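**Student:** Fold the stuff below for me.
(chains A and B)
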2 protein chains.
Amino acid sequence: MKDFTFEISTKILFGKDTLENLGKEILPYGKNVLLVYGQGSIKKTGLYDKIVNNLKNIGIKTFDLDGIVPNPRIDKVREGVVLAKENQIDFILAVGGGSVIDSAKLIALGAYSEADPWDIVIGKEEPNKAIQLGAVLTLSATGSEMDTASVISNEETGQKLGWGSELVRPRFAILNPELTYTVDAYHTAAGTADIMSHTMENYFSLNDGAFFQDRTAEGILKTCIKYGPIAIKDSNNYEARANLMWAGSWAINGLLDTGKDTAWSVHPMEHELSALRDITHGVGLAILTPYWLEYCLNDQTEEKIADFATNVFGIKESSKRETALKGIDALRKFFTSMGISERLREEGFTEEDLPLMAKNCVNNRSKAEITGFVHLEENDILEIYKKAF
Amino acid sequence: MKDFTFEISTKILFGKDTLENLGKEILPYGKNVLLVYGQGSIKKTGLYDKIVNNLKNIGIKTFDLDGIVPNPRIDKVREGVVLAKENQIDFILAVGGGSVIDSAKLIALGAYSEADPWDIVIGKEEPNKAIQLGAVLTLSATGSEMDTASVISNEETGQKLGWGSELVRPRFAILNPELTYTVDAYHTAAGTADIMSHTMENYFSLNDGAFFQDRTAEGILKTCIKYGPIAIKDSNNYEARANLMWAGSWAINGLLDTGKDTAWSVHPMEHELSALRDITHGVGLAILTPYWLEYCLNDQTEEKIADFATNVFGIKESSKRETALKGIDALRKFFTSMGISERLREEGFTEEDLPLMAKNCVNNRSKAEITGFVHLEENDILEIYKKAF
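**Tutor:** Residues are numbered from 1 along each chain as shown, chains lettered A, B, ... in the order given. Below is the predicted model:
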């Protein structure tokens, strides 16, 4: 196990009646709050009114930044930074899923910088202060409510890039599973796949002796496999929504990769998919992961993939190789059973897209390669895209 | 899943070179530090000198409270409170295992009270402020380094009682697995049993739908079953010591019981054992747990115990009842394989002790009963003691 520092400072308020505490959690930071949210679903469900009235009652003034879209854009962040600066914003409240929280994180840091926020994403600018933020989560997927990461797209440059800072870990997150009842089957499937992908990016590594962490990862995967399909069929199932929500936070909040060298492989490959064709992130991850694992399968990796097959899916064949292959197949079948496409062509990609995406994938990485479970260069990435096509 | 609030504020510095950061972590709190430690083993290993020199170099003055014993006593805490008050202590550093950290916690709170610290343990006094504290852990067992709990014994009253406060959760904990290399086989076994007991106290509950939490608990149990025996045979095995150490913190820091109603059963029964005959806490837990589970086994509980047998030990018999029984047997065999006694008589108890302990067990509980996995009254507790005798 490698040395590490672990500190999760986000306070979680989990359950049905937790929204009532919102004002109390915000007040220590000030009375000028920027609300960041999406395309209006929180107005339809009544959540918006509940929040604004709750805050108004205790003297908190809110300013709105709405219209955050999936695969969130830098232009909206720029708009948010202007709003934050103009209105002496003390606290940012993100109400939504990962796109909204990710945008709020960059606004929080961008508000303390004179540079363009995109410079923070590409590492050219590193502000040392951020507006504090909190989240009311409405989608179980990215884990952004309890972590330090954010992914932002830039339409001008065609890039979708991840960045992170301890300064933007939310101070608190309100996790009410009922707020995810309105998430449709498709996005529930994609969110479940996203949680599983975070878990697997942390899980698939070699010889680090992080046994406890890997068993915890398997627990999260089993949780998703049990409850993803239940939430899809029965959208108001509290137990399913609650387990997906809580497991989703733990897939990426920093526990699973303690003591490990992890280098995420599928996420950078997927970012090129959603940057080019704006597909749902979790869908891209679910399509690529089984093909990536097949490509990674070799004498060094077969034991770990076989562990995955046995401990997550209960598969045990006569050889490790056979067990690993059956495990990968079970994973693919699980994803498609939730209604997710099996191949890129079903999502509108053409064969011509593949070399372009492979090139961009390495160009967008500082090291021009992916040093993960298995080392991947441009031609490897292209091979995986082709197999997944 | 029940509603809950989750907030673990303890910063963990895990690994071989983490002690170097000690001064930096303490300085924000002040320069007068009370060192709390045990019976001198940290002087023999050189750890004491390393710490004192490290702190002296940056201008931190240390005061010593040594001689904390296992099943730590209230008289030592009283001594610590006097020291803290007389020397304007800014920060308390506990260097040791659970007894030392538990004592430090009560000193931290007692220093802000005029009452006797025992009044805090029995709930008569509730100070609203504590001296901040940190820990350098030398034994993987109690999880006190990352939680809010403490257990203190009072020789005059013959009581050993648990208490807790969010005010005394350590600000940081230094977890260097190498510092546990000197723990002998017996205490490694007892520590492993203690970690497993915390996990099982959180795990065995009914119908709460906390699936993710229970899978995580099973991961901790599997970690203990794998690495306890390795650390016993090969005391300098870093991977084993590291996994036990990290899993030990997570068994009790507040994650496993999120969303659950847990009411610990075996701990209060064990506290009477170590209060009466000063036996090692983990040994008492390991002896009682299988007999407690057998006593609990009924139509309501058999499914959960069978889950435990299957998911932790890989046992699957033709009926749930049979699976559960085999699982309990596997647990007992695991404990004895680590060199732990199977019965109370081997630890010096007599048959006459049993009714007295059963009576004290309910008298020391505010509700005069244990409302846990299965409801236990005095006669039930006596039955379990008899079976374990």
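
**Student:** Low-confidence regions, chain A specifically.
**Tutor:** The model of chain A has pLDDT under 70 over residues A:366-368.

**Student:** Which helix in it has the most residues?
**Tutor:** Scanning chain A for the helix with the most residues, using DSSP state H, yields helix A:211-233.

**Student:** That helix versus helix B:211-233: what angle between them?
**Tutor:** With axes from the mean of the first three to the mean of the last three C-alpha atoms, to 10 degrees as the basis, helix A:211-233 and helix B:211-233 are set at 170 degrees to each other.

**Student:** Tell me the helix or strand right after helix A:211-233.
**Tutor:** Moving toward the C-terminus from helix A:211-233, the next helix or strand (DSSP states H and E) is helix A:238-250.

**Student:** Show me what that next one packs onto, helices and strands only.
**Tutor:** strand A:11-14, strand A:172-175, helix A:185-203, helix A:211-233, helix B:211-233 (3 or more C-beta pairs under 8 Å, 6 or more residues apart in numbering or on different chains; DSSP states H and E). (C-beta placed from N, C-alpha, C; glycine too.)

**Student:** Could you rerun that using 10 Å?
**Tutor:** strand A:11-14, strand A:132-137, strand A:172-175, helix A:185-203, helix A:211-233, strand B:4-6, helix B:211-233 (3 or more C-beta pairs under 10 Å, 6 or more residues apart in numbering or on different chains; DSSP states H and E).

**Student:** What is the neighbour count of A:Gln300?
**Tutor:** Around A:Gln300 sit 12 other residues, with neighbours defined as other C-beta atoms under 10 Å in any protein chain shown.

**Student:** Could you look up the SS state of it?
**Tutor:** Assigned by DSSP: H, G, I helix; E, B strand; the rest coil, the conformation of A:Gln300 is coil.

**Student:** and if you look at the one 5 residues further on?
**Tutor:** Following three-state DSSP, the label given to A:Ile305 is helix.

**Student:** Do I have it right that it meets A:Glu322?
**Tutor:** No: using C-beta atoms under 10 Å, A:Ile305 makes no contact with A:Glu322, being 11.0 Å away.

**Student:** export the helices and strands packed on helix A:238-250 to JSON lines and tack on mean neighbour count?
**Tutor:** As requested, the helices and strands packed on helix A:238-250 are exported to JSON lines (neighbours: other C-beta atoms under 10 Å in any protein chain shown):
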{"stretch": "strand A:11-14", "mean neighbour count": "22"}
{"stretch": "strand A:132-137", "mean neighbour count": "26"}
{"stretch": "strand A:172-175", "mean neighbour count": "26"}
{"stretch": "helix A:185-203", "mean neighbour count": "25"}
{"stretch": "helix A:211-233", "mean neighbour count": "24"}
{"stretch": "strand B:4-6", "mean neighbour count": "18"}
{"stretch": "helix B:211-233", "mean neighbour count": "23"}
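
**Student:** ok, the residue of chain A positioned farthest from its centre to A:Lys326 distance?
**Tutor:** Distance from the C-alpha centroid of chain A, by C-alpha atoms, centre = their mean, peaks at A:Ser318 (36.1 Å). A:Ser318 sits 11 Å away from A:Lys326, going by C-beta to C-beta, to the nearest Å.

**Student:** Where do the helices of the stretch 251-389 of chain A begin and end?
**Tutor:** Along the stretch 251-389 of chain A, counting by DSSP state H, counting those that start in this stretch, helices occupy A:266-277, A:281-296, A:302-313, A:320-337, A:353-363, A:378-388.

**Student:** among those helices, which is nearest chain B?
**Tutor:** Among the helices of the stretch 251-389 of chain A, the nearest to chain B by C-beta to the nearest C-beta is helix A:302-313 (9.2 Å).

**Student:** Please identify the buried residues of the closest one?
**Tutor:** By neighbour count on 16 or more other C-beta atoms under 10 Å in any protein chain shown, the buried set for helix A:302-313 is A:Glu302, A:Lys304, A:Ile305, A:Ala306, A:Asp307, A:Phe308, A:Ala309, A:Thr310, A:Asn311, A:Val312, A:Phe313.

**Student:** Quick check: which of these are also close to chain B?
**Tutor:** Residues of the buried residues of helix A:302-313 in contact with chain B (C-beta under 10 Å from any C-beta of the partner chain): A:Asn311.

**Student:** isn't A:Leu255 right next to B:Thr216, touching?
**Tutor:** Yes: between A:Leu255 and B:Thr216 there is a contact at 9.4 Å, judged by C-beta under 10 Å.

**Student:** Please identify which helix or strand holds the residue nearest the centre of chain A.
**Tutor:** Most central in chain A under C-alpha atoms, centre = their mean is A:Thr142, positioned 2.4 Å from the mean C-alpha point. Under DSSP H and E, no helix or strand contains A:Thr142.

**Student:** List the residues that contact it.
**Tutor:** Applying C-beta atoms under 10 Å, 6 or more residues apart in numbering or on different chains to A:Thr142 gives the contacts A:97-102, A:149-151, A:191, A:194-195, A:198, A:248-249, A:251-252, A:281-282.

**Student:** I'd say A:Ile101 and A:Ile174 touch.
**Tutor:** No: the pair A:Ile101 / A:Ile174 is not scored as a contact, 11.8 Å apart, by C-beta under 10 Å.

**Student:** where do the contact lists of these two overlap?
**Tutor:** Contacts common to A:Ile101 and A:Ile174, judged by C-beta under 10 Å, 6+ apart, are A:Val95, A:Gly134, A:Ala135, A:Val136, A:Leu137, A:Glu145.

**Student:** Show me which residues of the stretch 101-250 of chain A sit near chain B.
**Tutor:** Contact residues, the stretch 101-250 of chain A versus chain B (C-beta under 10 Å from any C-beta): A:146, A:172-173, A:175-177, A:208-224, A:226-227, A:237-250.

**Student:** switch the cut-off to 7 Å
**Tutor:** For the stretch 101-250 of chain A, the contact set with chain B under C-beta under 7 Å from any C-beta of the partner chain comprises A:209, A:211-212, A:215-216, A:218-220, A:222-223, A:226, A:239, A:242-243, A:246-247.

**Student:** Let me know the closest of those residues to B:Asn379.
**Tutor:** Of all these, A:Glu239 has the smallest distance to B:Asn379: 35.7 Å, by C-beta to C-beta.

**Student:** Grab the nearest non-local neighbour of that closest one.
**Tutor:** Nearest-residue entry for A:Glu239: B:Gly209, 3.9 Å, with adjacent residues in sequence omitted and distances by C-beta to C-beta, 6 or more residues apart in numbering or on different chains.

**Student:** same deal with A:Arg332?
**Tutor:** A:Pro290 (4.0 Å).

**Student:** swap in A:Leu244?
**Tutor:** Using C-beta to C-beta, 6+ apart and skipping the chain neighbours, the partner closest in space to A:Leu244 is A:Ser140 (4.4 Å).

**Student:** Sounds good, over and out.
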